[in-house]
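A.B. asks: after the sequence you'll find the predicted model.
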There are 2 protein chains.
Amino acid sequence: MNKNNSGFVRTLSLPHPTLQNNTADIDRLTASLKTELETDQIDIDLDLLKEVPDLIRKWDYNVRCTLFKDRKRWLLTGITDPKSTKPITSLAVDLGSTRLAFRLLNLLTGEILAESSCDNPQISIASDILARIHFADQEGGLEKLNTLIIEGFNTTIAQLCQSCNIEPNDIYSIAVAGNTAMTHLFMGLSPRWIIREPYIPVVNSPGIVKASELGLKANPMARVLIFPNIGSYFGGDLIAGILYSGLHKKEDTAILVDVGTNAEVVLGNKHWLIACAGAAGPALEGGVSRMGMTAGPGVIEQIVIDPDTYQFDIKTIGDMPPKGICGSGLIDLAAQLFLSGMIDIRGKLTASTCGSRLKEKDGIKYLVVVPAEASATGADLTISQIDLNSLISSKAAMYTILETITANVGMTPNEIKTFYVAGTFGCFIRPQSAIAIGMLPDLPIESYQPLGNSSLGGATMAITSPEHIDEIYTIRDKITYLELNVNQAFMNLFSAAKFFPHTDPSLFPSVKVPGK
Amino acid sequence: MNKNNSGFVRTLSLPHPTLQNNTADIDRLTASLKTELETDQIDIDLDLLKEVPDLIRKWDYNVRCTLFKDRKRWLLTGITDPKSTKPITSLAVDLGSTRLAFRLLNLLTGEILAESSCDNPQISIASDILARIHFADQEGGLEKLNTLIIEGFNTTIAQLCQSCNIEPNDIYSIAVAGNTAMTHLFMGLSPRWIIREPYIPVVNSPGIVKASELGLKANPMARVLIFPNIGSYFGGDLIAGILYSGLHKKEDTAILVDVGTNAEVVLGNKHWLIACAGAAGPALEGGVSRMGMTAGPGVIEQIVIDPDTYQFDIKTIGDMPPKGICGSGLIDLAAQLFLSGMIDIRGKLTASTCGSRLKEKDGIKYLVVVPAEASATGADLTISQIDLNSLISSKAAMYTILETITANVGMTPNEIKTFYVAGTFGCFIRPQSAIAIGMLPDLPIESYQPLGNSSLGGATMAITSPEHIDEIYTIRDKITYLELNVNQAFMNLFSAAKFFPHTDPSLFPSVKVPGK
């Protein structure tokens, strides 16, 4: 707290007015700020303007300025007594469709004061974003969804502030990174055209909005930076992810992948960025198998199958009795089933190796992963042939997207040096399993770098440094978006990828296909 | 009304969205606007953003955009159906301490739709601006003064709109030019430090403010351009006057003078501008003589005295019986008294020529201008020796200021080619009379150009053209403000000017001094 300056907090000693230097209070202040920030554009709201004369005189022309930046324009969001020890804070938010993650920072020191996350309150309307978009079309639907999310923010903001003994008034800036649809619902913009051909958002670059205009309870002058999107299916969360990864500043070409129902991919380096997004199906989010679920206590996160005994060694989150499986666990399971020979290269359950675990119901084969007596639910936890078919489609889509985007710049997936995996899912995915099933390319394990919550990480960077705000728009403007044409060429690649690990095993030299 | 474009109104045909061109609605709109306006910065309020998607689809991607400009930044203030015949309007305002003048324009055609003026409602608190500034220091005083002026605006706006059959909602921009103190009271800023050494305004360049933030009833997106000032005693009304005169774009050096209690002077050309302001005393605003008043019906505007018979030929406004005299009438009166020999070169009433018109009361000589039987008041209209002494000080101050500012650039007042006289007062002043008493330099009469309400003229220019908005800031930044030091040199010049027309009559060759 003995720091006097940071990117967005500047402590100034203004020259006292004299007959020879009798410019106005505000112009005196902005002149100093312009020099300090090397800018020629600083805006101040009328309500703040009114307070300046008395306060700067009270503080004897010493003033701590809190600022924010909107592309070329700087905004003065607050002035405080440099002698005050009250923290000047800022909030970074990952606006997920499922979860919201908040991080409160001391703007002067950069210190994280508190973190919190909660379910997206819009889940009470629909867990699925598509269903929410349809709901928004109903009379009053958009307002309801918008109110839910804004109230969710305000509740969390109040709790975070209480936990740190500060006031919402002490929050001077907020950065929000979310996908395009969530960003629309957050801003109260109709997401109607996002899901209708040709898939048009209301806005790509929302820029800076006053917190009060959005209904957020923070300082009345607080500004909200809303991360820009590239289009309906490539949102601000990805831009935040790129910022966080630093991919846009590296000499070597790297790739960033956010795996979910949609696979969003960015390939590039400091010279160029190319991005695309494609449906990978819900399999990778644990939304497909009957035992699939999002990560949580009792959810299977790792499976090892002994290739000789076919014994399952299962690890769950919190070491609780297993109750389901998450996306990364499903990939582990498929990899282990394949490597142990319990499924074949087409992903079909093999009777000879599955033994008594293999059952059939209504003409559909399924495998008992956890028998009823060992499960938390009291019922068998199973994976069906249909689940496996769905997974193989998802992983093939993922790999085909990677092939397509790399081919577009004359590369192959195997030439990638650094592979960033974004999102919570990326934290848990085991690259060796994803490679074994041919979902991710056969790169050295150390090439894979999980980013954690890169959306929150990018939002944090934006609120703490003006340079990062500039970078956001540099990234956005630099990206060439590749529209994935699901044409014959794509379908051929897709068909070839619908095998474990691939019809061309030479692409996956590290994967030891059983029986070969 | 068949015009489709003007400086601030642009009619666009946007490309329809396709899979190949699927940028967001707002970005599609701003991309077209950026090309149209050759800018890279266009801001749109959230509330307007929300309306765009439905409206542009309804209008089949044809849209009329109403814009405003804030230095480098363009603001979209409204979108309308290009087929609509509803006028898009804008309001120019001269924010005088005594009178407010309003002009409503069709932004597309430039046509003046209506004009109106009214007394400044703050007169109910005090007619004198200094008294208002002291009142603003009282508890609730500033709020009261601010409310009065804003309500005055809103009343006039409603009347103007009604007279043209439009809604306040159809007003998309407002430009306001006033002196520094009035601008502060209009914005709700404390004028406290304006009148206290070293005379510091709250703000010099207020820029653009949302009409709603000021409490003005216009379109919710409407912006208000508030003319910048140079300092406490050189306000936005003068900047508007310079803009209106075009002085800042001329090759030849010209001068602009606004004569009132303060004399504000700008000297310059397209290369440089130098300005100063000084107290000239209230004599020139009709505020000194007991019969003095502001112009209105029955007020004496011209006097001719026969130098042989000493007969007074008096003209009043509206040819009504005389009830008082305004500033320009007073100058006429003094000039005629001097040229007829009724006062001497020191401004003293001369018994031999004044005859029976000369009276004395309480040891003070006075002259009956209109006897009781001919006046509207039923009492003598008189001018006292004290009034004349005051006038001679005022005119000497005015001339000394002109000598000082011209000397500063190595000129003399007599070298000026074009002499703009601003303000209502400037409309009525007769240069030959002002020259006769040595208030204005002895230039050919055609050098004098009355500008009328140049403040309203400048405000009108600002709301009708983006180039003029740029010019405002160019003018403001180009002005060198000369602090008038009332030192010995100034006092020597002032003393020399305290004669009719001057101690050095060679400066006024056209003035025939009686008896010489």
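C.D. replies: Received the coordinates, thanks. Numbers count the residues shown, from 1 in each chain, chains lettered A, B, ... in the order given.
A.B. asks: how close does the residue most central in space within chain A sit to chain B?
C.D. replies: The residue lying closest to the centre of chain A (C-alpha atoms, centre = their mean) is A:Ser455, at 3.7 Å. Distance, A:Ser455 to chain B, by C-beta to the nearest C-beta, to the nearest Å: 20 Å. In this view, the C-beta of every residue, glycine as well, is placed from N, C-alpha and C.
A.B. asks: which residues sit in contact with A:Val304?
C.D. replies: For A:Val304, the contacting residues are A:312-313, A:336, by C-beta atoms under 8 Å, 6 or more residues apart in numbering or on different chains.
A.B. asks: before we move on, the earlier item: mind checking pLDDT for the residue nearest to the centre of chain A?
C.D. replies: In the prediction, the pLDDT value recorded for A:Ser455 is 96.
A.B. asks: nearest to chain B among the contacts of A:Val304?
C.D. replies: A:Gln336 (40.9 Å; C-beta to the nearest C-beta).
A.B. asks: touching, the closest one and A:Ile303? I think so.
C.D. replies: Yes. Counting by C-beta atoms under 8 Å, A:Ile303 is a contact partner of A:Gln336 at 5.3 Å.
A.B. asks: quick one: the helices in the stretch 351-500 of chain A?
C.D. replies: Assigned by DSSP state H, counting those that start in this stretch, the stretch 351-500 of chain A shows helices spanning A:351-354, A:385-407, A:423-428, A:431-436, A:454-464, A:466-478, A:488-496.
A.B. asks: so A:Trp74 sits in a helix?
C.D. replies: No. Applying DSSP: H, G, I helix; E, B strand; the rest coil, one finds A:Trp74 to be strand, outside a helix.
A.B. asks: let me see the ranges of the helices in the stretch 51-200 of chain A.
C.D. replies: Using DSSP H, counting those that start in this stretch, helices in the stretch 51-200 of chain A cover A:129-137, A:141-164, A:180-187.
A.B. asks: just to revisit the earlier point, and the helices of the stretch 351-500 of chain A, which one's lowest on average pLDDT?
C.D. replies: helix A:423-428 (a mean of 69).
A.B. asks: for A:Thr412, give me its contacts.
C.D. replies: For A:Thr412, the contact set (C-beta under 8 Å, 6+ apart) comprises A:403, A:406, A:441.
A.B. asks: pLDDT averaged over stretch A:319-329 - what is it?
C.D. replies: The average pLDDT for stretch A:319-329 rounds to 88.
A.B. asks: and it, end to end?
C.D. replies: End-to-end distance of stretch A:319-329 (C-alpha to C-alpha, to the nearest Å): 14 Å.
A.B. asks: what do you get for stretch A:377-388?
C.D. replies: 22 Å.
A.B. asks: with stretch A:62-81 instead?
C.D. replies: 7 Å.
A.B. asks: show me which residues of that stretch are buried.
C.D. replies: Residues A:63-71, A:73-80 are the ones in stretch A:62-81 that count as buried (16 or more other C-beta atoms under 10 Å in any protein chain shown).
A.B. asks: next: stretch A:91-105.
C.D. replies: A:91-98, A:100-105.
A.B. asks: how far away is A:Leu75 from A:Thr377?
C.D. replies: The gap separating A:Leu75 from A:Thr377 is 53 Å, by C-beta to C-beta, to the nearest Å.
A.B. asks: then A:Phe234?
C.D. replies: Distance from A:Phe234 to A:Thr377, by C-beta to C-beta: 38 Å.
A.B. asks: between these two, tell me which one has more neighbours.
C.D. replies: A:Phe234 (23 against 14; other C-beta atoms under 10 Å in any protein chain shown).
A.B. asks: so what's the more buried one bridging to?
C.D. replies: When assigned by DSSP bridges, A:Phe234 has beta-bridge partners A:Gly231.
A.B. asks: so what's it up against?
C.D. replies: Contacts of A:Phe234 (C-beta under 8 Å, 6+ apart): A:180, A:264, A:275-277, A:481.
A.B. asks: of these - the most surrounded one?
C.D. replies: A:Thr180 (29 neighbours).
A.B. asks: in this structure it contacts A:Tyr233, no?
C.D. replies: Yes. Assessed by C-beta under 8 Å, A:Thr180 is found in contact with A:Tyr233 at 7.1 Å.
A.B. asks: just name the shakiest helix or strand of chain A by mean pLDDT.
C.D. replies: Sorting the helices and strands of chain A by mean pLDDT, DSSP states H and E puts helix A:423-428 at the bottom, at a mean of 69.
A.B. asks: what's the neighbour count on A:Ile343?
C.D. replies: 27.
A.B. asks: ok, the closest residue to it other than its chain neighbours - how many residues close by?
C.D. replies: Once flanking residues are discounted, A:Ile343 sits nearest to A:Leu337: 4.6 Å by C-beta to C-beta, 6 or more residues apart in numbering or on different chains. Using other C-beta under 10 Å, A:Leu337 has 28 neighbouring residues.
A.B. asks: state the distance from A:Leu337 to A:Asp60.
C.D. replies: From A:Leu337 to A:Asp60 the distance is 74 Å (C-beta to C-beta).
A.B. asks: also A:Asp313?
C.D. replies: 70 Å.
A.B. asks: repeat that for A:Thr480.
C.D. replies: 54 Å.
A.B. asks: please apply the same query to A:Lys395.
C.D. replies: Taking C-beta to C-beta, one finds A:Lys395 at 66 Å from A:Asp60.
A.B. asks: ok, these two, which is more surrounded?
C.D. replies: Using other C-beta under 10 Å as the criterion, A:Lys395 and A:Asp60 rank with A:Lys395 on top: 29 against 10.
A.B. asks: excluding its backbone neighbours, what's nearest the more buried one?
C.D. replies: A:Met439 (3.7 Å).
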